[in-house]
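1. Sequence below, structure please.
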Amino acid sequence: MSKTCEVSDAMDVIPDGATVAICGTGVVLEPDLLLSSLESRFLASSGPTGLRVVALMCTGDQTGRGGLNHIAHSGMVKSVVASSMYAHRHPGMTEMLRSGEIEGYIVGMGSLVQMLTATASGKPGVLTQAGLGTFLDPRIEGGRMNAKSTEPPVRLLEIDGNEYLFYEALPIDVALIRATTADEDGYLSFEEEPNTLGVLEIAAATKASGGQVIVQVKNLVSAGSLDPRRVGVPGTLVDRIVVHPEQTQLGPTMHDAARGWNPYLVGALRMAPGHGLTVADPKDRIILCRAADELAPGAVVNVGAGLPTKLPMMLDELGSLDEVTITNEHGVFGGLLGTSLGGSFVPGVNPKAIMDSVFQFNYYEGGGLDIAFLGAGQVDSLGNVNVSKFANHWNGPGGLCSITHSTKKIVYCTSLTSGGLSVRVVDGRLEVVREGAHKTFVPEVEQVTFNAKLAHSRGQTVVYVTERCVFELDHQGLLVTELAPGVDVGLHIQPHVGFPVRVSADVKTMSFGLHQEHPSLAEVTL
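-> Purely as a prediction, here's the structure:
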C-alpha cells in the first residue's frame with residue numbers, strides 16, 4: 001500500500017488529546033506544510049483539541065511566523081514541552097503560557113533528545129546531572145513555565161550518594177517530521193538539509209509508542225532507489241508521506257536562488273577561504289578577540305547562541321579558524337556558522353561533519369569539548385548566568401546545560417551593558433560613546449541557567465569577557481582580573497554593575513585585538 005497521501009488526509013489521523021512531536025528549529029527542517037494544514041483543519045473543524053506538543057527545538061522563524069505559531073490557538077493545545085520558547089518567534093504560544101491558558105515545561109535540549117532515545121529503546125527514562133542546581137532542578141522550578149504547570153517531567157534521584165535528574169520516557173502519538181527525499185517505501189534522505197536535529201529519534205520514539213509518523217518531503221523517488229548510505233530514517237518508521245515540491249531549504253537570507261538550495265551548508269560545495277567576512281562592531285571585536293586568547297591549538301570548541309556565533313568569523317579573519325574545530329549543539333563540526341552569511345547559527349558553512357543530535361549531546365556531556373563560548377543575558381556576583389527567562393519571556397536554555405556540564409573551560413561573552421551600548425578605541429584606549437540602557441551584571445539573576453558554584457566545585461574554569469574587563473570565577477564569585485586600557489573601575493564599571501566589584505591585586509591589562517595583530521594560537525596556552 002502506498003504511503004503517500006494528501007496533506008489534509010495526513011492531518012486527519014491526529015486525534016484529540018494526542019502527544020505530537022514536531023521537528024525543526026527556526027526554519028531548519030521545519031515541516032511547514034504539515035503545520036499550516038493542521039492549523040487549517042483546526043480553524044475549519046475546531047479539531048484536534050487538547051494536544052500535548054513536544055518541540056525538541058525552536059520551530060518557527062524570527063518574525064513570529066510559521067512553526068509553532070500555526071498551533072497557537074485557544075483549545076488546540078493543552079500543554080507544551082520544549083527546550084526553547086521565544087516571544088518574538090512564538091508570540092501566540094507565549095501569550096497562552098503567560099495567561100495560564102496552557103501548561104508549559106522547559107527541558108534542556110540534551111535531556112529532551114535523550115528522553116526520546118529512551119522511549120525508542122523501551123527504557124524507563126534518562127538519568128543526568130546536566131541541569132542540577134539550575135531552574136530545571138525540581139527543588140527550584142523543575143522547568144515549570146507558569147502556575148498551571150504542576151506536573152514537571154523531572155524528579156530528583158540519588159544513586160550511590162550522587163544526585164541525578166530523572167526524566168521519564170516520553171511516549172509520542174504523532175510525529176511531524178521533514179526530510180528532503182523519500183522513496184515510495186518511506187526511506188528518507190536529507191541531502192539538502194543542513195542539520196538532522198533528532199528526526200530519527202522522534203520517529204523511533206513514535207513508532208515504539210505505537211504512534212504515527214508523518215513526513216514532509218520535497219522529492220519522491222521509486223522504492224529502493226536511494227543510496228542506502230545516505231538514508232537517515234528507515235522506511236519502517238514512516239507511516240505517511242506528504243510531498244511538498246515548494247519546500248525550501250531555509251529562509252531567503254541564506255537561500256541560493258540559482259540552485260534552489262545552498263550547497264555550502266551541506267558540504268556539497270565548499271566556499272573558498274579568505275572571503276572577506278568580518279566582525280564590524282567595535283565592542284564585539286574587542287570581546288571576541290580577547291575571548292579567542294583562551295583558545296589552544298587543536299581545541300574542540302562549542303559556539304553558543306548570541307555574540308559567540310560571530311567567533312568563527314573573527315577567527316577566520318585572524319587566520320586561526322583551521323587551528324581549532326568549531327562545533328554547535330545542532331551537530332555541526334568544522335567550518336563557519338550560518339551567521340557568517342547573515343542567517344541562523346544552526347547550519348554550518350563548509351561543515352566537515354553533520355552529526356545527529358543524540359550523538360552531539362552525548363559527546364558534550366561525556367566531556368568531548370575543550371572549551372565553550374556562550375552568551376549571557378544576566379550574570380550575578382556569584383557568577384550564576386541567566387539566558388532562559390526575562391520577566392514573562394521564556395527563552396529556555398537550549399543546549400546550554402549539557403554544553404556546560406563537563407566542558408573544561410567556559411567563556412561567557414557579553415557586553416557590560418546592553419540596549420544601545422556604543423564604544424570606540426582612540427589611541428589604544430577604550431571610550432564609551434553611549435552607555436547601554438540595561439545592566440548585564442545584576443544583584444540576582446531572574447533564573448539560574450548556569451550554576452557557578454557547582455561548576456567551580458567540578459574544577460571547571462569559567463571566564464566572563466566584556467569590552468571593559470575580564471572576570472574570572474573563584475570560590476567567592478566574580479573577580480576582575482583584567483581591565484581594558486583607559487577603563488577605571490570606579491568610573492566605567494562599578495556604576496554599571498549591580499553588586500560590589502572585586503578586583504584582583506595583580507589585575508592585568510586586557511589585550512586588544514582590535515588595532516593590533518592577534519597572536520598566533522600556537523603561542524597561546526590554556
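2. Compute the distance between the closest residue to L374 other than its chain neighbours and Y364, please.
-> Distances taken as Cβ to Cβ, 6 or more residues apart in numbering place G304 nearest to L374, at 3.9 Å, with adjacent residues excluded. C-beta: built from backbone N, CA, C; applies to glycine. Separation of G304 from Y364 (Cβ to Cβ, to the nearest Å): 11 Å.
3. okay, and the common contacts of those two?
-> E329, G399, I403 (Cβ atoms under 8 Å, 6 or more residues apart in numbering).
4. Tell me the helix or strand right after the helix-or-strand element of the chain with minimal mean pLDDT.
-> Across the helices and strands of the chain, mean pLDDT, DSSP states H and E gives its lowest value to strand 393-394, namely a mean of 81. For strand 393-394, the following helix or strand on the C-terminal side (DSSP states H and E) is helix 400-405.
5. Show me what the helix or strand following that following helix is packed up against.
-> Where DSSP H and E defines the elements, the next helix or strand beyond helix 400-405 is strand 409-413. Applying 3 or more Cβ pairs under 8 Å, 6 or more residues apart in numbering; DSSP states H and E, we find strand 409-413 packed against helix 282-292, strand 371-374, strand 461-465.
6. For P245, which of the ones you listed is the nearest?
-> strand 371-374 (39.5 Å; Cβ to Cβ).
7. what packs against whichever helix or strand comes after that closest one?
-> Next helix or strand after strand 371-374 toward the C-terminus (DSSP H and E): strand 378-379. In terms of contacts (3+ Cβ pairs under 8 Å, 6+ apart), strand 378-379 is packed against strand 385-386.
8. what about E317, is that helix, strand or coil?
-> In three-state terms, and counting by DSSP: H, G, I helix; E, B strand; the rest coil, E317 is helix.
9. so what's it up against?
-> Counted by Cβ under 8 Å, 6+ apart, E317 has contacts L277, T278, V279.
10. And T449, by the same measure?
-> T134, F135, V385, N386, V387, S388, P397, L400, C401.
11. now for those residues, which pair is the farthest apart?
-> Of all the pairs that the contacts of T449 form, the one spanning the most space (Cβ to Cβ) is N386 and C401, at 12.6 Å.
12. Which one of these two is surrounded by more residues?
-> C401 (31 against 24; other Cβ atoms under 10 Å).
13. Wait, that one touches V107, no?
-> No - C401 sits out of contact with V107 when judged by Cβ atoms under 8 Å, with a separation of 9.6 Å.
14. domains in this structure, as residue ranges please.
-> 7-243, 282-516 (automatic domain parsing).
15. Do a quick rundown of the helices in this structure.
-> 7-11, 32-45, 91-98, 109-120, 199-208, 282-292, 311-318, 357-365, 400-405, 452-457 (DSSP state H).
16. could you give the angle of the fifth one to helix 109-120?
-> Which is helix 199-208. Counting by axes from the mean of the first three to the mean of the last three Cα atoms, to 10 degrees, helix 199-208 lies at 40 degrees to helix 109-120.
17. quick one, what contacts the spatially most central residue of the chain?
-> The chain has G398 as the residue nearest its centroid, 4.3 Å off, counting by Cα atoms, centre = their mean. Listed by Cβ under 8 Å, 6+ apart, the contact set of G398 reads M57, C58, S83, S84, G108, M109, G304, A305, E329, V387.
18. list the buried ones in stretch 467-475?
-> For stretch 467-475, a neighbour-count test (16 or more other Cβ atoms under 10 Å) marks E467, R468, C469, V470, F471, E472, L473 as buried.
19. re the thing from before, which of the helices and strands packed on strand 409-413 sits closest to G343?
-> helix 282-292 (17.4 Å).
20. Now do that closest one: distance to the chain's middle.
-> Distance, stretch centre to chain centre, for helix 282-292: 22 Å (Cα atoms, centre = their mean, to the nearest Å).
21. Could you do stretch 301-316 as well?
-> Worked out by Cα atoms, centre = their mean, stretch 301-316 lies 13 Å from the chain centre.
22. contact partners of stretch 124-142?
-> Contacts for stretch 124-142 (Cβ under 8 Å, 6+ apart): 105-108, 110-111, 114-115, 117-118, 143, 152, 154-157, 159, 162-169, 365, 388-389, 397, 401-402, 405, 447-451, 453-454.
23. same question, stretch 244-253
-> Outside stretch 244-253, the residues touching it (Cβ under 8 Å, 6+ apart) are 7, 26-28, 32-33, 61, 178, 180, 192-194, 216-219, 255, 260-262, 265, 341-344, 347.
24. can you check stretch 488-497 too?
-> 416-417, 432, 435-436, 439, 441, 468-469, 480, 483, 487, 500-501, 503.
25. Name the nearest of the residues you listed relative to L43.
-> Closest to L43 out of those is G436 (42.7 Å), distances taken as Cβ to Cβ.
26. so that closest one makes contact with T466?
-> No - the pair G436 and T466 does not pass the contact test of Cβ under 8 Å, sitting 11.1 Å apart.
27. Who has more neighbours out of these two?
-> Shown here are G436 and T466; by other Cβ under 10 Å, T466 has more neighbours (28 against 18).
28. pLDDT wise, what is the more buried one at?
-> Per-residue pLDDT puts T466 at 98.
29. cool, and T339?
-> 85.
30. One more: the one 5 residues further on?
-> Per-residue confidence at S344 stands at 86 (pLDDT).
31. now the one 4 residues further on
-> At G348 the predicted local confidence, pLDDT, stands at 92.
32. residues contacting it?
-> G348 touches P194, L265, I326, N328, V332, F333, G334, G335, L336, L337, G338, I354, counting by Cβ under 8 Å, 6+ apart.
33. now do V243
-> Taking Cβ under 8 Å, 6+ apart, one finds T4, A182, V217, K218, N219, L220 in contact with V243.
34. Same question for V54.
-> T19, V20, A21, I22, V80, V81, A82, L112, L170, I172 are the contacts of V54 under Cβ under 8 Å, 6+ apart.
35. What separation do you get for it and F135?
-> 19 Å.
36. okay, the helices of the chain, which one's buried deepest?
-> helix 400-405 (a mean of 29; mean count of other Cβ atoms under 10 Å).
37. who's in contact with that helix?
-> 108-111, 129-131, 134, 136, 302, 304, 329, 361, 364-365, 369, 372, 374, 387-388, 410, 449-450, 455, 460.
38. picking that back up, what sits in contact with each of G436 and T466?
-> S415, L416.
39. Pretty sure G50 sits against D16.
-> Yes - here G50 reaches D16: they are 5.5 Å apart, a contact under Cβ under 8 Å.
40. the more surrounded of those two?
-> Here G50 and D16 are compared on neighbour count by other Cβ under 10 Å; more neighbours surround G50, at 15 against 11.
41. residues in contact with the more buried one?
-> D16, G17, G75, V77, K78 are the contacts of G50 under Cβ under 8 Å, 6+ apart.
42. so D185 touches K3, yeah?
-> Yes - assessed by Cβ under 8 Å, D185 is found in contact with K3 at 7.2 Å.
43. Common neighbours of the two, please.
-> In contact with both D185 and K3: G235, using Cβ under 8 Å, 6+ apart.
44. Not counting residues beside it along the chain, what's closest to T94?
-> Going by Cβ to Cβ, 6+ apart, T94 has A87 as its nearest residue, at 4.6 Å.
45. residues touching that neighbour, list them.
-> Taking Cβ under 8 Å, 6+ apart as the test, what A87 contacts is T94, H393, W394.
46. between the residues you listed, which is nearest K123?
-> For these, the nearest to K123 is W394 (28.8 Å; Cβ to Cβ).
47. ok, now which ones touch the residue nearest to the closest one when sequence neighbours are not counted?
-> By the measure of Cβ to Cβ, 6+ apart, the closest residue to W394 outside its immediate chain neighbours is M85, 4.6 Å from it. With contact taken as Cβ under 8 Å, 6+ apart, M85 is in contact with A55, C58, M93, T94, L97, G104, I106, M145, W394, N395, G396.
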